[in-house]
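Undergrad: Got a predicted structure here, sequence first:
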Amino acid sequence: MVEVNTPVRDKPKRWDLPFSMDFTNEAERREMSFSDLNDLFAKKPFSEMDASRFPDSLPLASIVANDTRIRLYREGDAIVRQGDYGNSAFLILDGDCRAIIEGLDPAQLGRQAGHSKSLLKSVKGLFTNALAPEVRDSRLYPQHRDKAVFDPSGTVFVQDVPNILELSPESYSEARHNIIPEGSLFGELAALGRVQRSVTVVAAGPGTTRLLEIRWQGLRDLMKYDNGLRDHINKLFRQNGLKGALQMSPLIQAIDLDEDQWDQLLAEAEFETFGSYDWHGTYQQLRKRDEDLLTQEPVVQEEGQYPNGLLIIRAGFARMSQRHGAGEYTFGYLGIGDVHGLQELMHNVSTDDNSPIQTTLRAAGYTDIVRVPTRTFEQVIYPAMMKTWPDGNFPEKFLGETMERRKREFSGAPMMEFLAENRYINGTATMLIDLDRCTRCDDCVRACASGHNNNPRFIRHGKIQDHHMIANACMHCADPVCMIGCPTGAIHRSEGGGEVVINDATCIGCGTCANSCPYENIRLVNVRDQSQDDALMVDPVKGKAIVKATKCDLCVDHHGGPACVRACPHDALTRADMDDLLDLSVWLNR
Amino acid sequence: MLGPDGKGRCTVAAQSICQPVKDGDRWVCTRSDVLGGACTAGPSPTGECACPSPEQPPCQPVRSLRARRTRLTIGAGLFAVAVLLVWLMSPNSLTMVSPGTLSAAHLAIEAPPGVPNCQVCHQGAESGFGNWLSMIASQTETHSVEVNQQCLGCHFSETDQAIAMKVHSAAELSEISPAVEELSMLAGPTSFLLGLSDQVYGEPMLDQTQGTCSTCHNEHEGAAHDMKVMSDVQCQVCHTNQFESFNDGHPAFTSATSISSGIKFDHAKHHPRFDDGLDCQSCHQADAEGKTMLVSPFENSCQGCHEQRSKDHHGDAIKKNSVPFLQLPEMEFEDPVYWPAELAVGENLAPMMTLLLAGDDEALPLLSEIYDSDGAAGDMFEWFFILEDEGEPEKKAQLATAIKKLVSELADYSSSGEKARTVRLSKAFSLEATDPELQTLQAELSAANFVMQMFKQRYLPQLEDDLAGEEVDATDDEELTTDWMVSKHMSGWRVDSDEGAISYRAVAHSDSWLKNWIETLGKSQGKTAQMTSMDEMRAGIRALMLDELSGDFKSCTKCHTVQGEAAPWSAAGRLYDASGFTKFNHRPHMAMLNEPGNCLTCHIPKNESSDASIAMPRGFLPHDKEICSSCHAPGKANNTCLNCHQYHHERP
Amino acid sequence: MLFRTRRLLSIAALVLVLLMLTPYAIGYRIAFSDVVVTSGWLLFAVVAFLSSYNLRKKLTYPPLLKSSTWLQMHIYLGIAAMVIFLFHTSGKVPTGHLDIALYALFTLMVASGLFGFYLTRTIPTTLSSRGNEVIFERIPLFRRQIKNRVEQIILQSIEQSASSILAEFYKSYLMYFLSGPRNVLLHLVRSERTSYRLRHELRESDRYLDEQDKVLAAELDDLIKLKDDLDFHYARQGLLKLWLFFHIPMTLVLLIFLVAHIVLIYAFTSGGS
């Protein structure tokens, strides 16, 4: 018997807003009912869970009640879109789903067409910019806006989801796809692993498809206390995700592993998560409290410990530091694919010594680690390395990050601390302005505006370290938290270069991305109608002004790259990839 | 938050920011979250937005700094255009446009009334920007020629204008002085700057017809600017014999640069004839300005030894230096011809007589035959043989007639005789009858009428009757001849009664008879245009006679150089252009001599030790450049090119 | 590459080019060539290219080389233009009204350009090391905020204490100091005189203040420092923007005069010969 709404001691804050109530669209909100829960517990995997293993602070029933929600889809509705970042998994309750592998037009998923303007159009645009801010051509906006769709029982269907069947029946039937049968769990990899959805999943019906959406916190808690689910999901990950994760490391890519070695590696590798998945929320809170972030970051591996394996970063970031005086000296950070502990392990294996780890590794916000145990390293990785480089001259980049290397490349711990503290290490196109060269002429802003219909997409303002400013321009993060939870898929990674762009036509202005961005680089604006003499566009139903999210798009639809860099007369501005510290240090030390 | 729009409207105040929506019974504020979200007060019960539209008083947008800068730029541009229009369209525009004051000499040039001064040189320079724009459109090539013409019009004579733009403004440099041209074009050491200029700009332009006056002379540099000043290197652009300065590299002076026509006088020969040697100043005096040293006239300097008078004690019997004028040749005729058989004993035709005979159209072919180089070649007897061979004995008679006609004309006192003589001379010398030299010669012949009369009376008394066609018997001559005596009217003339000849000897220095012959002959040399066959024959004969005559003119040519057209009887001094366009002023240098009057300081006579291979006309060594450069050196006297050399052949 | 490397290479290239031009400039006087016309057109071409920088700044989207590349070319070609100008005028000042005007305009352009270059390389470091930097157009906003806060403080002081020391101080000095940008020239030469004297005055009056006022005085001190920093930024950022108010309008004027010059040359000579 399940009890709903049992008072729970010290319940998690997030339960103040149960998942089932967490909809921007009011019509969709409804509390999990008693009968819903009973139905759920009748099905797998809940039926096989042992409620007693769950602590009093996190009873199973409450988790299900607060961290899941039931969603209804018509046949053809897209449940998840390929390329999206999501933070929830789906359990199919009724009906089937199709996982469409290829054959769908990105536009049907709410993406931008992804072409770049011709040179002529770019130039012409310079002369035809609007005079009022945020002017839009309303003809480009899709007509179906906020039409509520009700089924006879009064249940509301999700509206902002494109229905592939309606949009293009041929794609729906002819696209290459797999059937995900009723009762399957999908989407957990993206939810837990911070990777993009690998396929578009469409409800296949027949009729109404019912899914249980589980948010990642719920999934994590369930996994923690239920072996069955944990094993299942781990097995899924080991099957589907581990190899891909390992192959993101340049080291693994370089050494040639045969099938047996791979098998052993895959079987023995372990994966762990550190830090909080929604680190951006935590980060914002911590910044408000002005605490030293470093002390709050969970430790992955500490200086002085014995190495228990080779750590490979699978997602997120990790900070490397060493004890220095009474504090810690941050001298670097690791991103996806980087390794930690390689040198120590190699030294130990080759000299049969037992030296400890030299540097402390902390999760900078959040990090997923794959750990290759020492024994596996000795048996698989090390021989493969010796085979690939018999003379022992290992390329520097595979040796991973060492303090010497970072110190050599990069001058100034202050800058490193600054970047790590503020999580600017996330950026692949961080805007850095050298204030010793910047004449405050604002040519960069003007150039950005001239390419965006007289609306600049960044401001020349931001945190300053010594004489460098990190301006408030979208950093196109490696870990784009803004993309999590976009209801329409308007915010997405572009095909070519991976820039994070917002499709103005499909954005509904919910503000999820703007609120998520830890650096306040996304702005919501009121848009004006070109055909109405630049009057504010207003939603006729609600009467509220229409709002869109805007941010830097690295000038993807223009030739020549970001205009800001091209427009600075004094070489004061650059868009830096934080992963490439060598380039950055060269730029900083010009 | 977004600021004013591009048209200057406050975006907050411009439109209402909320359109209240009815929700049940209540009206709800729909202000966007971006602008602050729903207001606390809410709309009025009737559904109007009750917010004071903006929270603060509406702003008055002002233009941004950049917009103001753009306006300033446009304003400045318009201002500049306005200023230029005022400057360039005003009546005063030419003053504004002028790049500088003219040099003092040109400032005085006045324009015709109503025409601005600038237009004297710059055609089309009337004020008005519109005019100038159209000037660009019109051709600019001829414009430069037009402007140039203005300079030439004042500075060069009509005839010289054609050659003004040639090198050195000289017609043909090579004719003036081939030696000098050769000297100046030797490839010599170049200074660095010149070498650089050569590398960069290439070979200098030797044919300067591409240039204009303004290539070297720049105007508009102020009233005090001397347009004539040039630097040494500017000369050396064309002269490939380039050197650093007068003192360093300038070629040595040679006698080739001291060519002159004039008196042939060998100082070295004359020197020992005087007790104390030659005293320069007894013959050479400076001219009025002191620049050139003139030679004293013959009377003052040469006559003391070289006096030619017929009044010497030998009298008329002296045959030396006499020029044969007329002699009747010995001829035998088959048919009787009125000819003094015993007294005509000439073996050849005298050159002067031949020339005069050439003036007769009928005699000319005969003369050609006589002087045909393939035939008689001037030998009368040869000619007689040829005539016999050819079977043309009658030509002898023709010749006799021609000679008789000549004598008749020469002896004719009357005006018809003058005319006949003029015609004959004009033909003989291929000169116009109005030619002054010709007329002078004619006058001389007229003055010698008396002699001719005597001759005629003596040898051909019945000449007029014979020429009229009457039968004349030569034996009657004996009765008719008269004895004659030399009288003072015949000064210079000598009649040899036995020889049947008249000859002439120079009476005194500058004898007019010989002088006129020489001048007339000289003048007739250059005529080569439009010659008829007769003229060509005459020219041929003249050429032949000239050779013989030059021997006859020995008394004159002993000291005087007779060269083609020019017959400079005076000591002309140095030829300016033949000497590399150098100019020299004696007076300041005379003052610098160590001993006053010691010309030998610079003019060094040749002596035994002098190198005989160097040409030394008039017996002086070429000037030693050291003497000049000892004073004309840096820090001392001026040693620029223009100090001694002048560019323009004729000073404009 | 390092800035230093780029600078050395650019200077070397510039010197090389100028050296190659020098023989033409020196040799012409000897060779009677029309080099003044050639140098004139060369100068015109260089000036036209220099002037086109403003146009490039407006054309942001066609990828026509980075603006910083254009600036480097602008700087070095500007120096080259100076030298070519000396060649063209043979180092002499001309006579004639129009020519003198043109000479003066060009000289002013070069001088303003050099001055601006000096400013752009020296002012930014002073701005970034001063701190408290705000965007120039927002300075009036902050000035107003400071003024309002100071007025609040003074009112508070009047209310809560018997003495009017702070109010006097405000009336005598602060009111004027806060009402607008102050000490512009002093800040251009980086003199601290006025702010030092103000704060010194305030500190000296500390002995006359009661406890509550002392707290307020401390805050006043901070605000004076803030306002001073604001003035510093106003003056210096302003100068960074202002020098172009001279340089750019002058360009247009120069170009207009240049066109007149060329027309006149061709009208009065045949192309300058």
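TA: Noted; the coordinates are in hand. Keep in mind the model is a prediction, meaning the values are calculated, not measured.
Undergrad: Can you report how many residues lie near A:M32?
TA: 22 (other CB atoms under 10 Å in any protein chain shown). (Glycine included, C-beta is placed from N, CA and C.)
Undergrad: just A:G365 next, same as before
TA: The number of residues packed near A:G365 is 29, by other CB under 10 Å.
Undergrad: List the buried residues in the helix or strand where it lies.
TA: Taking DSSP states H and E as the criterion, A:G365 maps to strand A:360-373. For strand A:360-373, the neighbour count (16 or more other CB atoms under 10 Å in any protein chain shown) marks A:360-372 as buried.
Undergrad: Repeat that for stretch A:454-473.
TA: Under the neighbour-count criterion of 16+ other CB under 10 Å, stretch A:454-473 has A:454-458, A:460-462, A:464-465, A:467-473 buried.
Undergrad: Among those, name the ones in strands.
TA: Among those, DSSP state E puts A:R460, A:H461, A:G462, A:I464, A:Q465, A:H468, A:M469, A:I470, A:A471, A:N472 in strands.
Undergrad: residues in contact with the first one?
TA: To tie it back to what came earlier, the one meant is A:R460. Contacts for A:R460 (CB atoms under 8 Å, 6 or more residues apart in numbering or on different chains) come out as A:I433, A:R440, A:D442, A:C444, A:V445, A:M469, A:A471, C:I135.
Undergrad: quick one: pLDDT of it?
TA: In this model, A:R460 is scored at 93, pLDDT.
Undergrad: Could you check how far it is from A:C564?
TA: According to CB to CB, to the nearest Å, A:R460 and A:C564 sit 10 Å apart.
Undergrad: which neighbours do these two share?
TA: By the contact definition CB under 8 Å, 6+ apart, A:R460 and A:C564 are jointly contacted by A:C444, A:V445.
Undergrad: May I have the secondary structure class of the residue of chain C found nearest chain A?
TA: For chain C, the residue closest to chain A is C:P63, as judged by CB to the nearest CB, at 3.0 Å. Three-state assignment for C:P63 (DSSP: H, G, I helix; E, B strand; the rest coil): coil.
Undergrad: so it sits right up against A:G560, yeah?
TA: Yes - contact criterion CB atoms under 8 Å: C:P63 and A:G560 qualify, at 3.0 Å.
Undergrad: Neighbour count: these two, which is higher?
TA: Neighbours were counted for C:P63 and for A:G560 using other CB under 10 Å; A:G560 has more, 19 against 15.
Undergrad: Spell out which helix or strand contains that one, please.
TA: Per DSSP H and E, there is no helix or strand for A:G560.
Undergrad: what sits against it?
TA: A:R566, C:Y61, C:P62, C:P63.
Undergrad: I'd like to know which of the residues you listed are buried.
TA: For the contacts of A:G560, buried by 16+ other CB under 10 Å: A:R566, C:Y61, C:P62.
Undergrad: Would you pull up the residue in chain B closest to chain A?
TA: Counting by CB to the nearest CB, chain B gets nearest chain A through B:G6, at 2.7 Å.
Undergrad: what's around the residue lying closest to that residue once chain neighbours are set aside, how many residues?
TA: Closest residue to B:G6 apart from its sequence neighbours, by CB to CB, 6 or more residues apart in numbering or on different chains: A:L131 at 2.7 Å. Using other CB under 10 Å, A:L131 is surrounded by 13 other residues.
Undergrad: Contact residues of chain A facing chain C?
TA: Selection of chain A residues close to chain C by CB under 8 Å from any CB of the partner chain yields A:119, A:122-123, A:125-126, A:435-441, A:443, A:446-447, A:450-451, A:460-461, A:464, A:467, A:558-561, A:563, A:565-572, A:590.
Undergrad: so of those residues, which ones are in helices?
TA: A:119, A:122-123, A:125-126, A:443, A:446-447, A:450-451, A:563, A:565-567 (DSSP state H).
Undergrad: Just flag the most distant two among these.
TA: A:L119 and A:D443 (20.8 Å; CB to CB).
Undergrad: For these two, work out which one has more neighbours and name it.
TA: It is A:D443, of A:L119 and A:D443, that has more neighbours when counted by other CB under 10 Å, with 22 against 14.
Undergrad: Could I get the pLDDT score of that one?
TA: 93.
Undergrad: how does the chain divide up, domain by domain?
TA: Picked chain A for this. Chain A breaks down into these domains under automatic domain parsing: A:13-110+A:162-225, A:247-417, A:427-588.
Undergrad: wait, I meant chain B there
TA: B:1-62, B:65-138, B:255-301+B:570-623, B:315-557.
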